[in-house]
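K.L.:
Predicted model, plus sequence, below.
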Amino acid sequence: MPTALVTGATGQVGMHVLQRLQRDGWDVRALVRDPAAAEAVRATGVALTTGNVLDADSVARAARGCDVVFHTAAAVTPRGGWEAFQRPNVEGTRNAIAAVAASGSRLVHVSSVAVYGGTARYREGMKTSEDAVLAPLSDNSWYARSKRDSEALVLDAHREGRIWATAVRPDVIYGRYDRQFVPRLARLLQHGFAPIIGGGQSTMAIVHAENVADGMVRAASTDAAGGRAYNLANDHDVTVSDFFRLAGEGLGLRLRCVQVPYVMARGAERAVFRMTRLLTGKRISGVSFSAVDFLARDNPFTSERARRELGWNPPVRPDVGIPDAFRWWAAHA
């Protein structure tokens, strides 16, 4: 029976990885900062190990004797500037690499499509694959910079022969335990209206958390995945209109779709960005790429490498996963 350590176990992806490993018969450890506060993790029955990715010794102790470390811990929208992203995402990954090197385990690292940059991902007539050249990032793209830097640490460590490692690049993740995407949309949709830009027929750049966990477990057991990065960014195509319909189903609402012209939406978005800077004196972090592009343009990514090399066949379909995610939020908000 293989043994795994999951960092970031209380997060959305971490929880789904825990549950997937349990179903597959793994012996699972969860790295948590405060076991008393990790009720959802404790309920799964896995072994809880106290530690923090910023504490190298605690990560090393937790990884000892493990076959695989699934590194899902990351800061997505922390308060503060670059350091608030850099310490957990880059230094935390550095500690995970050291722990893996000491234990002789494998490392599966959760990166992000943010490494491609906010606009470079949209290439006319082409899907963005892992072979795409990574475009320069703006100074305030703190999340993207931290994920690019942390992924580089992981793949460099593999290339140098210090560890065996692979990385996955999801886009916007949804599902149970979501603290970002679903809660924000659910609060908007509770008013009974859904914004539709450009007819709502574009496909969304989203992926279910359980499908991300499936790809991660497959990568861990695929020797050829070592040193490779994999987009897990289009499990099943779902249009904006269908997404809102299924979200309304999960919330028990019949949503009214409101058509918003693209030009008007773009103008409103720019006004929000300017007002935020005026009121706070701060720039909005690059973690949130254009909301208008997200709703008006097709998912720009391809995950064919994962399907071909890992045998990734995402088990959760949108007609099940989307209502379930919003239903879960309504029950736990």
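P.N.:
In hand now; what should we look at?
K.L.:
Can you show me the helices along the stretch 151-300 of the chain?
P.N.:
Secondary structure of the stretch 151-300 of the chain (DSSP state H, counting those that start in this stretch): helices at 181-189, 209-220, 240-251, 262-280, 291-296.
K.L.:
Would you single out the least confident of those?
P.N.:
Per-stretch averages of pLDDT across the helices of the stretch 151-300 of the chain put helix 262-280 at the bottom, with a mean of 53.
K.L.:
does residue 231 have beta-bridge partners, and which?
P.N.:
Using DSSP bridges, the bridge partners assigned to residue 231 are residue 169.
K.L.:
Just the element for residue 331, please.
P.N.:
Assigned by DSSP states H and E, residue 331 belongs to helix 318-332.
K.L.:
scratch that, residue 146 is what I was asking about
P.N.:
Judged by DSSP H and E, residue 146 forms part of helix 142-159.
K.L.:
ok now do residue 322, which residues does it touch?
P.N.:
Contact partners of residue 322, counting by C-beta atoms under 8 Å, 6 or more residues apart in numbering, are 174, 238, 243, 246, 247, 249, 250. Using the backbone N, CA and C atoms, a C-beta is placed for each residue, glycine as well.
K.L.:
Now for these: which two are most distant?
P.N.:
Taking C-beta to C-beta, the two most distant members of those are 174 and 249; they sit 14.3 Å apart.
K.L.:
So for the two, which sits in the more crowded spot?
P.N.:
The residue with more neighbours, out of residue 174 and residue 249, is residue 174; 24 against 17, by other C-beta atoms under 10 Å.
K.L.:
Assess the claim that that one and residue 182 are in contact.
P.N.:
Yes. Assessed by C-beta atoms under 8 Å, residue 174 is found in contact with residue 182 at 5.4 Å.
K.L.:
got any residues that touch both of these two?
P.N.:
residue 325.
K.L.:
quick one: residue 82 from residue 93, how far?
P.N.:
15 Å (C-beta to C-beta, to the nearest Å).
K.L.:
Compare those two and say which one has the larger neighbour count.
P.N.:
residue 93 (29 against 15).
K.L.:
For the helix or strand that one falls within, output the C-alpha coordinates as CSV.
P.N.:
Taking DSSP H and E as the definition, one finds residue 93 inside helix 92-103. Output of helix 92-103 as CSV, limited to C-alpha atoms (Å, rounded to 0.1, in the frame of the first residue of the first chain):
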residue,chain,number,x,y,z
GLY,A,92,6.8,26.7,0.6
THR,A,93,7.6,24.8,-2.6
ARG,A,94,11.3,25.0,-1.9
ASN,A,95,10.7,23.3,1.5
ALA,A,96,8.6,20.7,-0.2
ILE,A,97,11.4,19.9,-2.6
ALA,A,98,13.9,19.6,0.2
ALA,A,99,11.6,17.2,2.1
VAL,A,100,11.1,15.1,-1.0
ALA,A,101,14.8,15.0,-1.7
ALA,A,102,15.4,13.8,1.9
SER,A,103,12.7,11.2,1.9
